[in-house]
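would you be able to build a 3D model of this:
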Amino acid sequence: MSQSPFLKRQTLQLRPDPTRVIVRPFKPATEPRDLNPTDKTRANHIVERVLALDAETADRQLADVLENFLGRHRNLLQIFETRAAEMEEALADHAVFTQVQRQLAGAYFLNEYSFEASALFNPSIVPHPDQSGTPEGSLRFILSLRAVGEGHVSSLTFRSGLIAADGTVTIDPTARLASSPDLAKLTSGAGGDEIDVTFAAGQDLSERVIFPVTEAQSNGIEDARFVHFSNAGETIYYATYTAYSGRAIRSELIETSDFVSFRLSTLKGSAARNKGMALFPRKIGGRYAMIARQDNENLYLIFSDDLQTWDGGQPILKPRYPWEFVQIGNCGSPIELDVGWLLLTHGVGPLRKYSIGAALLDKNDPSKVLGRLREPLLRPDPSEREGYVPNVVYTCGAMRHHDKIIFPYAVSDSYCNFATIEIASLIAAMDRSA
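You can find the predicted model right below:
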């Protein structure tokens with residue numbers, strides 16, 4: 001049996017689109033360091049070749065570049081200018097540039113990147129900050145997604161959609177173009193990074209792509225777990241995610257109120273050295289609370305007075321059933337119900353098969369486990385077993401809507417499906433002796 005009887009799959013699927021591209025800096029490899037120090041870098045060689053073009057040829061070459069790429073990106077000439085400004089070290093050794101030469105030089109140090117060419121998966125879902133015009137009984141939402149392109153580099157992208165009164169999910173059309181934000185690095189050092197990223201006003205939500213910008217993130221911004229956080233009536237969203245450098249991981253935090261401007265910062269403390277942290281949607285007993293997995297096997301509850309620092313914690317859930325003997329982890333932030341906190345979990349079983357389960361935690365003291373599913377809520381369906389990583393179903397967050405849980409989930413690290421769960425039936429199916 002691949003699913004619980006109270007879980008209903010929807011026909012909606014969200015698949016990666018390799019035609020969606022952003023422009024990224026291209027850095028030519030430098031020459032070996034043991035060469036004569038007076039030798040010029042490859043960057044200087046490229047600039048020299050651009051400067052050697054006569055005016056007519058340079059005009060024609062820039063026109064050819066624009067003809068090929070202008071319809072694929074916004075403000076392409078400005079992007080060329082910005083990249084040229086970033087290359088001042090290579091440009092400063094040369095004569096004064098014409099505007100055409102400068103734009104053309106900038107183009108040579110850029111490349112297109114198909115950010116979701118390989119996969120679009122591990123979604124989380126939150127209410128949209130703008131519910132104006134939403135039909136009665138419906139809810140507009142924002143979906144965050146992990147996109148993977150060339151080199152298995154992960155970035156963060158978004159979709160919007162609507163949940164109808166009966167739980168049916170529809171996704172808004174995806175914008176044809178995609179864009180990176182403007183960056184402002186506030187701090188950077190051994191203690192961590194803090195960066196503000198801002199997208200242009202008026203861009204469609206689905207255009208916005210947050211690509212790795214720091215050394216710690218250089219191989220990926222992975223598995224963002226967004227949550228709508230209650231804070232004295234203030235609209236604020238947080239997301240924990242994994243920063244991957246290609247050698248090491250750490251947990252980081254995103255904060256936003258509008259999904260236009262975002263602040264990315266490093267989490268500190270012993271618990272932040274691993275992945276899979278998920279923030280409760282409000283304070284408990286006046287303190288922030290987090291579900292984490294410090295030991296790669298069990299789930300811990302941690303409290304902190306400081307949103308940025310997470311130490312210690314107590315184990316509250318350990319592998320118990322065969323489908324989770326290898327490890328368990330959270331599948332997003334706990335969801336507040338009348339009867340307690342609903343925590344979706346993932347379990348890893350034989351042949352590294354991932355399934356999704358659920359537990360119920362006490363509302364006032366979430367260290368108390370009130371119930372737990374003996375059998376998975378969702379296993380990979382036979383039609384969902386194949387993909388980039390076979391035999392995996394996974395989510396980074398679900399959301400309550402009336403008497404249902406709206407449940408986006410990833411299939412084999414490749415694409416996304418959607419399901420709904422009847423809350424009453426789910427709670428009734430839990431083993432209360434857990």
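
looking at it, residue 422 is touching residue 6, isn't it?
Yes - applying CB atoms under 8 Å, one finds residue 422 in contact with residue 6, separated by 4.4 Å. All C-beta atoms are positioned from the backbone trio N, CA, C, and that covers glycine.

tell me, what's touching these two both at once?
Both residue 422 and residue 6 lack any common contact, where contact means CB atoms under 8 Å, 6 or more residues apart in numbering.

by contact count, what packs against the longest helix belonging to the chain?
Longest among the helix segments of the chain by residue count, using DSSP state H, is helix 55-69. The contact analysis (3 or more CB pairs under 8 Å, 6 or more residues apart in numbering; DSSP states H and E) places helix 55-69 against helix 76-86, helix 99-108.

residue 308 and residue 338: what is the separation?
Using CB to CB, to the nearest Å, residue 308 is found at 32 Å from residue 338.

just give me the neighbour total for the closest residue to residue 171 other than its chain neighbours.
Nearest non-adjacent residue to residue 171, counting by CB to CB, 6 or more residues apart in numbering: residue 161, 4.2 Å away. When neighbours are defined as other CB atoms under 10 Å, residue 161 has 20 of them.

let's see the pLDDT reported for residue 161.
pLDDT recorded at residue 161 is 98.

in which helix or strand would I find it?
strand 154-163 (DSSP states H and E).

just checking, what packs against that strand?
strand 139-148, strand 169-171, strand 209-210, strand 220-231.

tell me how far that strand is from the chain's mean position?
From the chain centre to the centre of strand 154-163 is a distance of 9 Å (CA atoms, centre = their mean, to the nearest Å).

contacts only, for residue 291.
Neighbours of residue 291 in contact, by CB under 8 Å, 6+ apart: 277-278, 280, 299-302, 330, 333-334, 343.

export the helices and strands packed on strand 154-163 as CSV, with columns for distance to residue 359.
Listed next are the helices and strands packed on strand 154-163 as CSV, based on distance: least, CB to CB, whole Å:
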stretch, distance to residue 359
strand 139-148, 23
strand 169-171, 24
strand 209-210, 31
strand 220-231, 16
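
which one of the ones you listed lies nearest to residue 285?
strand 220-231 (14.3 Å; CB to CB).

residue 287: how many residues sit nearby?
Neighbours of residue 287 (other CB under 10 Å): 12.

now residue 265
Per other CB under 10 Å, the neighbour tally for residue 265 reads 18.

does it belong to a helix, a strand or coil?
strand (DSSP: H, G, I helix; E, B strand; the rest coil).

tell me where the protein has helices.
Using DSSP H, helices in the chain cover 42-51, 55-69, 76-86, 88-91, 99-108, 423-428.

give me the buried positions along the first one.
In terms of neighbour count (16 or more other CB atoms under 10 Å), helix 42-51 has its buried residues at 43-44, 46-47, 50-51.

show the contacting residues for residue 77.
Taking CB under 8 Å, 6+ apart, we find residue 77 in contact with 66, 103.

and with 10 Å instead?
62, 65-66, 70, 99, 103, 106-107 (CB atoms under 10 Å, 6 or more residues apart in numbering).

ok, now how distant is residue 114 from residue 250?
27 Å.

can you get me a residue count around the residue nearest to residue 103 when sequence neighbours are not counted?
Leaving aside its sequence neighbours, residue 103 sits nearest to residue 80 (CB to CB, 6+ apart; 4.2 Å). Using other CB under 10 Å, residue 80 has 25 neighbouring residues.

and if you look at residue 367?
So residue 367, with other CB under 10 Å, has 14 neighbours.

do I have it right that it meets residue 315?
Yes - the pair residue 367 and residue 315 passes the contact test of CB atoms under 10 Å, sitting 9.4 Å apart.

list residues touching both of the two?
300-301.

next one: phi and psi at residue 432?
phi -80, psi 0 (degrees, to the nearest 10).

which residues touch it?
So residue 432 contacts 360, 369-372 (CB under 10 Å, 6+ apart).

just these now: which is nearest residue 237?
Distances from residue 237 to those, taken by CB to CB, are shortest for residue 360, at 24.6 Å.

for residue 399, give the beta-bridge partners.
residue 406 (DSSP bridges).

which residues does residue 292 contact?
The contact partners of residue 292, taken as CB under 10 Å, 6+ apart, are 240, 251, 269-272, 274-279, 298-302, 310, 313, 329-330.

ok, and what's touching the lowest-mean-pLDDT helix or strand in the chain?
When each helix and strand of the chain is scored by mean pLDDT, DSSP states H and E, helix 88-91 comes last, with a mean of 71. The contact list for helix 88-91 (CB under 10 Å, 6+ apart) reads 28, 40-48, 50-51, 84-85, 97, 101-102, 105-106, 109.

export it as CSV, just CAs?
Extracted in CSV, the C-alpha atoms of helix 88-91 (Å, rounded to 0.1, in the frame of the first residue of the first chain):
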residue,chain,number,x,y,z
GLU,A,88,37.3,46.7,-13.1
GLU,A,89,40.6,45.0,-12.1
ALA,A,90,40.8,43.5,-15.6
LEU,A,91,39.6,46.6,-17.4
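
state the mean pLDDT of stretch 246-256.
pLDDT averaged over stretch 246-256 gives 96.

right, and residue 63 touches residue 69 too?
No - using CB under 10 Å, residue 63 makes no contact with residue 69, being 11.4 Å away.
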